[in-house]
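1. Here is a sequence with its predicted model. Questions after.
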Amino acid sequence: DTGVSQDPRHKITKRGQNVTFRCDPISEHNRLYWYRQTLGQGPEFLTYFQNEAQLEKSRLLSDRFSAERPKGSFSTLEIQRTEQGDSAMYLCASSPLNGGTEAFFGQGTRLTVV
Amino acid sequence: AQKVTQAQTEISVVEKEDVTLDCVYETRDTTYYLFWYKQPPSGELVFLIRRNSFDEQNEISGRYSWNFQKSTSSFNFTITASQVVDSAVYFCALSVGASGTYKYIFGTGTRLKVLA
């Protein structure tokens, strides 16, 4: 499979715990994006990387959230001290440096905080 | 500020009917891109089309067609002769500025149910 891969697909955690999600973009794609989608809403932009540099962060990305892309390949999104409001689908997408036509999305990680 | 409005929350049609999904956008940028994505139950967003702000030509791809009108800031999507496999949530999205950076602003989506 050469699409965007996300792991895990589902995560249930207790409030206050830390969680980490992984995204593997399409191999030749330099740009990587994280989005959050809550029930009944469209995805909302969180942050994006060009290679290993994090170029933009949305105000939605509170200081409990941190994203990394250490070698410009896969990326991780960590949420510390999870809250019930963090329950959502976290989507990763990637696109090539020359732009292409669109971003390609993974199937997402569904987080449930209980 | 940029915004995308999809006023139709859910639409149900019977197979073979035509259906139009509405999308209205707001931006002050003169260069922008409009997109439609399909989200089936499996969760991933599937790209359908991209349009740039300088190209108002309508487009047809098989049973799908799109109508872009800058005068009304709308980018509507029509499925002709709908099929059960078209059942999904459809999102309209806006991206402003330079091409190639996909910081999308999505609408809230329209859930389409096609009944056999």
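-> Structure's in. What do you need? Note that the structure is a prediction, hence the values are computed from the model and not measured.
2. for the chain, what spans make up the strands?
-> Let's take chain A. A:5-7, A:10-13, A:19-24, A:31-37, A:44-50, A:53-57, A:65-68, A:75-79, A:88-95, A:104-105, A:109-113 (DSSP state E).
3. if you could check chain B rather than the one you did, that'd help
-> B:3-5, B:10-14, B:19-21, B:24-26, B:32-39, B:46-52, B:59-61, B:64-69, B:74-79, B:88-96, B:105-106, B:110-115.
4. How far does the fourth one sit from its chain's centre?
-> When you say that, I think you mean strand B:24-26. 11 Å (Cα atoms, centre = their mean, to the nearest Å).
5. re earlier: just put the strands of chain B in TSV and tack on mean neighbour count.
-> From N, CA and C alone the C-beta is placed, and that goes for glycine too. Below are the strands of chain B laid out as TSV (neighbours: other Cβ atoms under 10 Å in any protein chain shown):
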stretch	mean neighbour count
strand B:3-5	16
strand B:10-14	13
strand B:19-21	18
strand B:24-26	17
strand B:32-39	22
strand B:46-52	17
strand B:59-61	11
strand B:64-69	17
strand B:74-79	20
strand B:88-96	23
strand B:105-106	21
strand B:110-115	17
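6. With respect to chain A, which of the ones you listed lies nearest?
-> strand B:105-106 (3.1 Å; Cβ to the nearest Cβ).
7. same for that closest one, what does it pack against?
-> strand B:3-5, strand B:88-96 (3 or more Cβ pairs under 8 Å, 6 or more residues apart in numbering or on different chains; DSSP states H and E).
8. so how many other residues sit close to B:Gly97?
-> 12 (other Cβ atoms under 10 Å in any protein chain shown).
9. and of the strands of chain A, who's closest to B:Asp55?
-> Taking Cβ to Cβ, strand A:88-95 is the member of the strands of chain A nearest to B:Asp55, at 19.9 Å.
10. In chain B, where is pLDDT below threshold?
-> B:98-99 (pLDDT under 70).
11. where does it come near chain A, residue by residue?
-> B:4, B:35, B:37, B:42-47, B:50, B:91, B:93, B:99-109 (Cβ under 8 Å from any Cβ of the partner chain).
12. quick one on the thing from earlier: any chance of the strands of chain B in JSON lines, with distance to A:Gln6 too?
-> Shown next, in JSON lines, are those (distance: least, Cβ to Cβ, whole Å):
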{"stretch": "strand B:3-5", "distance to A:Gln6": "24"}
{"stretch": "strand B:10-14", "distance to A:Gln6": "27"}
{"stretch": "strand B:19-21", "distance to A:Gln6": "27"}
{"stretch": "strand B:24-26", "distance to A:Gln6": "28"}
{"stretch": "strand B:32-39", "distance to A:Gln6": "15"}
{"stretch": "strand B:46-52", "distance to A:Gln6": "15"}
{"stretch": "strand B:59-61", "distance to A:Gln6": "28"}
{"stretch": "strand B:64-69", "distance to A:Gln6": "27"}
{"stretch": "strand B:74-79", "distance to A:Gln6": "27"}
{"stretch": "strand B:88-96", "distance to A:Gln6": "18"}
{"stretch": "strand B:105-106", "distance to A:Gln6": "18"}
{"stretch": "strand B:110-115", "distance to A:Gln6": "23"}
